[in-house]
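[1] Fold the following.
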Amino acid sequence: MEYEVVTIAGGLGAGFIDSTGENAKFNRPNGIAISRQGSVFIADFGNNAIRRVGVGGEVTTIAGGKTTSVFQNGLAPLAAFLNPRGLVFDTDGNLYIADFGNNLIRQIDGNLEVSTLAGSGLKKYAEGTALTAAFEEVRDVAYFAGHIFAVDRYRVRRISRTGSVVTWAGGAESGLWDGTGAQARFGTLSAITIDNSGNIYVVDADNSAIRYITQLQKVGTLAGADITPPDGSNAFLQNPVGIAVDSEGNCWVTDVGDYTIKKITPRGVITQVAGSLKQGQVDGAALLAQFQQPSGIGVSSDGRVYITDIATHSLRCLIPRG
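    Below you'll find the model as predicted:
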């Protein structure tokens with residue numbers, strides 16, 4: 001499959017403007033979530049806001065960004081966040097946000113009401129009930145079967161449907177060890193996604209690896225970390241940052257180390273899909289296109305791959321050809 005890269009919105013410098021296409025402005029856009037209606041929701045890190053990009057490229061602010069406060073629950077237009085990073089929808093259309101600066105996981109429901117799902121706001125590690133537990137560096141969130149999973153420094157945490165927060169895998173120390181649950185070790189985790197079978201995939205940024213966690217909490221390494229790809233190629237990961245999984249179980253990864261977008265099959269075969277290995281802001285044929293700092297990534301039901309570029313303050317898209 002070949003792709004073409006286009007810029008959907010932003011790209012003319014940092015700012016905070018609701019408009020259409022290149023007239024809209026973001027400030028270090030980060031995580032992506034795609035609604036059932038096909039709109040792209042973005043964690044606008046620098047503007048402390050949640051933005052929505054419609055199918056025609058219309059950018060609107062859903063919550064945050066309009067107050068000097070850095071924390072406020074309530075109606076979305078009056079709510080406040082501090083450096084939101086990751087986003088995910090549940091099956092009911094509720095949106096969950098990794099509110100990195102506030103050490104919280106927040107929620108926006110169907111009535112556009114913002115609330116705190118989990119976290120006390122203290123920057124530390126603590127398990128317990130949703131609002132007494134604490135996070136150290138909550139960077140991204142994912143959803144499966146009523147549970148929210150979050151990457152929190154060297155751990156994967158689970159917020160259950162009953163409201164308890166526990167460590168699903170990893171521990172207090174960094175490392176690169178496969179194993180089960182708390183026996184495994186990760187480096188700093190930057191992103192998380194879950195496939196249709198409930199398998200978790202995380203970006204282990206420190207180890208330049210994609211790790212997986214089964215429903216039985218078995219941790220393994222899918223790609224990177226000096227693993228030779230099963231096809232014998234010399235494809236590798238330099239500095240992966242974001243991750244999303246498609247309906248066929250392929251992981252799509254933003255690699256800021258060589259300014260590319262890569263696809264990894266369930267067997268661990270890595271393919272460079274977009275990016276010319278040169279840093280820049282160029283649309284066109286995918287392997288001739290250029291990115292500066294690709295970060296968040298999401299795959300829509302029609303096969304389009306959306307990418308946020310932090311450095312160019314833009315939303316880019318890989319459109320399948322043919």
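[2] So the nearest residue to residue 227 once chain neighbours are set aside, which state does it fall into?
    Leaving aside its sequence neighbours, residue 227 sits nearest to residue 221 (C-beta to C-beta, 6 or more residues apart in numbering; 6.1 Å). For every residue, glycine as well, the C-beta is placed using N, CA and C. What DSSP: H, G, I helix; E, B strand; the rest coil gives for residue 221 is strand.
[3] do you know how far residue 44 is from residue 255?
    22 Å (C-beta to C-beta, to the nearest Å).
[4] Comparing these two, which shows the higher neighbour count?
    residue 44 (29 against 24; other C-beta atoms under 10 Å).
[5] phi, psi of the more buried one?
    The phi and psi torsions at residue 44 (degrees, to the nearest 10) take the values phi -90, psi 90.
[6] Distance of it relative to residue 151?
    Separation of residue 44 from residue 151 (C-beta to C-beta): 20 Å.
[7] what does residue 14 give?
    In terms of C-beta to C-beta, residue 14 sits 26 Å off from residue 151.
[8] before we move on, what about residue 312?
    Residue 312 is 25 Å from residue 151, by C-beta to C-beta.
[9] Who has more neighbours out of these two?
    residue 151 (30 against 23).
[10] partners of that one in the sheet?
    residue 140, residue 156 (DSSP bridges).
[11] Would you check that it makes contact with residue 189?
    Yes: contact criterion C-beta atoms under 8 Å: residue 151 and residue 189 qualify, at 3.7 Å.
[12] For the two, list the residues in contact with both.
    Residues touching both residue 151 and residue 189 by C-beta atoms under 8 Å, 6 or more residues apart in numbering: 139, 140, 202.
[13] Among these, which one lies nearest to residue 114?
    residue 140 (18.6 Å; C-beta to C-beta).
[14] isn't the closest one right up against residue 96?
    No: contact criterion C-beta under 8 Å: residue 140 and residue 96 do not qualify, at 10.2 Å.
[15] if you count what's nearby, which of these two comes out ahead?
    Higher neighbour count among residue 140 and residue 96: residue 140, with 27 against 23, using other C-beta under 10 Å.
[16] Any figure for the gap between that one and residue 193?
    Residue 140 is 8 Å from residue 193, by C-beta to C-beta.
[17] for the host helix or strand of residue 6, packing partners?
    Assigned by DSSP states H and E, residue 6 falls within strand 3-10. Applying 3 or more C-beta pairs under 8 Å, 6 or more residues apart in numbering; DSSP states H and E, we find strand 3-10 packed against strand 270-274, strand 284-285, strand 314-320.
[18] Run a quick neighbour tally on the residue nearest to residue 227.
    19.
[19] is it true that it touches residue 177?
    No: assessed by C-beta under 8 Å, residue 221 is found out of contact with residue 177, at 9.7 Å.
[20] Contacts only, for the nearest residue to residue 235 once chain neighbours are set aside.
    Among residues not flanking residue 235 along the chain, residue 270 sits closest, at 3.9 Å (C-beta to C-beta, 6+ apart). Residue 270 sits next to 223, 229, 233, 235, 236, 237, 262, 263, 264 when contact means C-beta under 8 Å, 6+ apart.
[21] first to last residue in stretch 198-206, what's the distance?
    Start-to-end span of stretch 198-206 (C-alpha to C-alpha, to the nearest Å) is 24 Å.
[22] same deal with stretch 274-286?
    4 Å.
[23] How about stretch 256-275?
    Stretch 256-275 end-to-end distance (C-alpha to C-alpha) = 10 Å.
[24] go on, stretch 231-250?
    OK, stretch 231-250 end separation, C-alpha to C-alpha: 15 Å.
[25] what's the answer for stretch 13-21, then?
    13 Å.
[26] any idea of the mean pLDDT for that stretch?
    Stretch 13-21 shows a mean pLDDT of 97.
[27] Counting neighbours, which bits of that stretch end up buried?
    14, 16, 21 (16 or more other C-beta atoms under 10 Å).
[28] So what's the gap between it and the chain middle?
    A distance of 21 Å separates the centroid of the chain from that of stretch 13-21, by C-alpha atoms, centre = their mean, to the nearest Å.
[29] now what about that stretch, what contacts it?
    Applying C-beta under 8 Å, 6+ apart, the set of residues contacting stretch 13-21 is 7-9, 23-28, 44, 46-47, 49, 51, 56-61, 65, 313.
[30] Return the members of these classed as buried.
    Counted by 16+ other C-beta under 10 Å, the contacts of stretch 13-21 give 7-9, 24-28, 44, 46-47, 49, 51, 57, 59, 61, 65, 313 as buried.
[31] What about those residues, which are in strands?
    Counted as lying in strands by DSSP state E, out of the buried ones among the contacts of stretch 13-21, are 7, 8, 9, 44, 49, 51, 59, 61.
[32] Now distance to residue 243 and pLDDT too, for the shared contacts of residue 151 and residue 189, in CSV please.
    Shown next, in CSV, are the shared contacts of residue 151 and residue 189 (distance: C-beta to C-beta, whole Å; pLDDT from 0 to 100):
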residue, distance to residue 243, pLDDT
139, 12, 98
140, 9, 98
202, 7, 98
